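# below is the sequence, then the predicted model.
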Amino acid sequence: MINKIGFISYTVSNLQQSIKFYQKQLGLELILKDNDWAEFNISGQRFAIHEKTNETIKQEQSPAIVFFEANPIETIVKGLQVKGVKFLGGIETYSYGKLILFSDPDNNSLGLYEPPKK
């Protein structure tokens with residue numbers, strides 16, 4: 001069941017430069033940093049940035065993505081596929097959780113996110 005926004009993500013051209021901007025200029029709390037990914041805490045809401053590579057974003061995808069929390073993600077994906085939602089690739093697993101992308105009718109990028117098990 002989708003019941004809240006898991007996080008919002010933007011692509012950036014330079015991760016280190018963007019981390020400095022969000023941390024030092026905006027005062028956001030850095031809670032996770034990976035090779036091409038960083039997350040900040042904004043009063044309990046997660047905001048993520050990831051470095052754009054040629055493989056990261058396809059031309060038809062928007063650079064900002066809202067990820068809805070979906071747990072368990074596999075069940076939610078199957079239910080949405082039955083309703084006609086077309087996903088872009090399969091579920092990807094990272095240290096920070098599982099992700100999958102899809103688009104709305106206006107081609108805005110959306111995603112599902114399952115946090116890692118604690």
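Everything's here; your move. Numbering: from 1, shown residues only.

# what sits up against the longest helix along the chain?
Counting residues, the longest helix in the chain under DSSP state H turns out to be helix 73-82. With C-beta atoms under 8 Å, 6 or more residues apart in numbering as the test, helix 73-82 has contacts from 1-2, 70, 87, 91, 98, 100, 102, 112-114. To be clear about C-beta, it is placed using only N, CA and C from the backbone, and glycine gets the same treatment.

# now the helices for this structure?
15-20, 73-82.

# low-confidence regions, the protein specifically.
1, 54-62, 106 (pLDDT under 70).

# just the strands in it please.
Under the criterion DSSP state E, the chain contains strands at 2-12, 29-33, 37-42, 45-51, 64-70, 87-94, 97-103, 109-114.

# could I get the ones you listed in TSV, plus columns for distance to residue 18 and mean neighbour count?
As requested, the strands of the chain are exported to TSV (distance: least, C-beta to C-beta, whole Å; neighbours: other C-beta atoms under 10 Å):
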stretch	distance to residue 18	mean neighbour count
strand 2-12	4	16
strand 29-33	11	12
strand 37-42	8	18
strand 45-51	5	18
strand 64-70	14	19
strand 87-94	19	12
strand 97-103	19	19
strand 109-114	19	21
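
# export those to CSV and tack on distance to residue 20?
Formatted as CSV, the strands of the chain follow (distance: least, C-beta to C-beta, whole Å):
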stretch, distance to residue 20
strand 2-12, 11
strand 29-33, 10
strand 37-42, 11
strand 45-51, 11
strand 64-70, 20
strand 87-94, 23
strand 97-103, 25
strand 109-114, 25
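
# need the contact list for residue 30.
Taking C-beta under 8 Å, 6+ apart as the criterion, residue 30 is in contact with 19, 22-23, 38-40.

# for those residues, which one is nearest residue 46?
Nearest to residue 46 among the contacts of residue 30: residue 39, at 5.4 Å, using C-beta to C-beta.
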